[in-house]
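Asks: Here you go, sequence then predicted model.
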Amino acid sequence: MGAHIARSTMPNTAGFAHPARNVAALGVEPGMTIADFGSGSGAYVMEMAQRMAGSGRVYAIDIQKDLLRRIHNDAQKKGLSTVHILWGDLERPQGSKLASASCDIVLVSNLLFQVENKDALLAEAKRVLKPRGKLAIIDWSESPPAGGWRMGPIKSHVVSKDAALAIAKDAGFGTHKEFDAGAHHYGLVFKIA
């Protein structure tokens with residue numbers, strides 16, 4: 001997966017995506033099996049694992065092994081035994097290494113703008129979702145304003161909400177709902193059409 005992340009210094013993240021609020025919008029419950037595609041720093045993984053109260057599984061899947069090690073260490077420190085680490089290339093068939101029809105929720109957060117093969121990414125999400133499972137997409141709605149810091153995609157790499165809706169529809173998903181994911185993000189939840 002090619003990363004197109006702009007330089008990042010110490011931003012004031014107030015008003016950006018809020019993992020606790022966004023996870024609440026997904027309906028995470030104990031006993032679920034959830035995959036965080038492109039788990040990055042693990043903020044969503046930790047929030048979902050805490051909501052699951054020790055029952056179920058949260059798979060952190062990323063191509064960056066150093067980030068996966070950090071998530072593993074954080075989960076151990078917090079006693080979150082539901083967190084499982086998988087190295088994978090989500091732009092390849094079966095790249096998540098998960099069984100077909102095994103997940104209740106697949107989260108794709110801040111990843112669409114980074115991957116070249118968006119169709120393959122969503123095909124993999126569809127493959128691992130249970131028939132009544134949900135795909136959640138959280139991504140940048142715009143390139144953040146220039147200033148003393150820069151975080152997120154450059155303008156030409158932003159995947160608009162309308163583009164995300166079209167990509168998901170082409171992959172066989174139907175819109176379930178939208179939610180406010182933060183000042184510079186959109187949140188979409190899909191079910192298989």
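Replies: Yep, it's here. Numbers count the residues shown, from 1 in each chain.
Asks: distance between the helix or strand of the chain with the lowest mean pLDDT and the chain's centre?
Replies: Within the chain, confidence by mean pLDDT, DSSP states H and E is lowest for strand 173-180 among all helices and strands, at a mean of 89. Once both centres are worked out by Cα atoms, centre = their mean, to the nearest Å, strand 173-180 turns out to sit 15 Å from its chain's centre.
Asks: ok, now stretch 115-123?
Replies: In terms of Cα atoms, centre = their mean, the centre of stretch 115-123 is set 13 Å apart from its chain centre.
Asks: Contacts made by it with the rest, please.
Replies: Taking contacts as Cβ atoms under 8 Å, 6 or more residues apart in numbering, the residues outside stretch 115-123 that touch it are 1-2, 37-38, 90-93, 95, 108, 111-112, 135, 159, 167-168, 170-171, 173. For glycine as for every other residue, the C-beta is placed from the backbone atoms N, C-alpha and C.
Asks: Show me what the longest helix out of those in the chain is packed against.
Replies: Counting by DSSP state H, the longest helix found in the chain is helix 65-78. Helices and strands touching helix 65-78, by 3 or more Cβ pairs under 8 Å, 6 or more residues apart in numbering; DSSP states H and E, are helix 43-51, strand 57-62, strand 83-87.
Asks: buried ones in that helix?
Replies: 67-68, 70-71, 74-75 (16 or more other Cβ atoms under 10 Å).
Asks: Stretch 35-49 too?
Replies: Buried residues in stretch 35-49, counted by 16+ other Cβ under 10 Å: 35-40, 42-49.
Asks: Export the longest strand anywhere in the chain to CSV, keeping only CA atoms.
Replies: Counting residues, the longest strand in the chain under DSSP state E turns out to be strand 129-140. C-alpha atoms of strand 129-140 as CSV (Å, rounded to 0.1, in the frame of the first residue of the first chain):
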residue,chain,number,x,y,z
LEU,A,129,-17.8,-10.0,6.3
LYS,A,130,-20.6,-12.2,7.6
PRO,A,131,-23.9,-11.9,5.5
ARG,A,132,-25.3,-9.3,7.9
GLY,A,133,-21.9,-7.7,8.7
LYS,A,134,-21.1,-4.0,8.3
LEU,A,135,-18.4,-2.1,6.6
ALA,A,136,-17.5,1.2,8.2
ILE,A,137,-15.5,3.8,6.3
ILE,A,138,-14.1,6.8,8.0
ASP,A,139,-11.9,9.1,5.9
TRP,A,140,-10.8,12.6,5.3
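Asks: With that, I have no additional questions.
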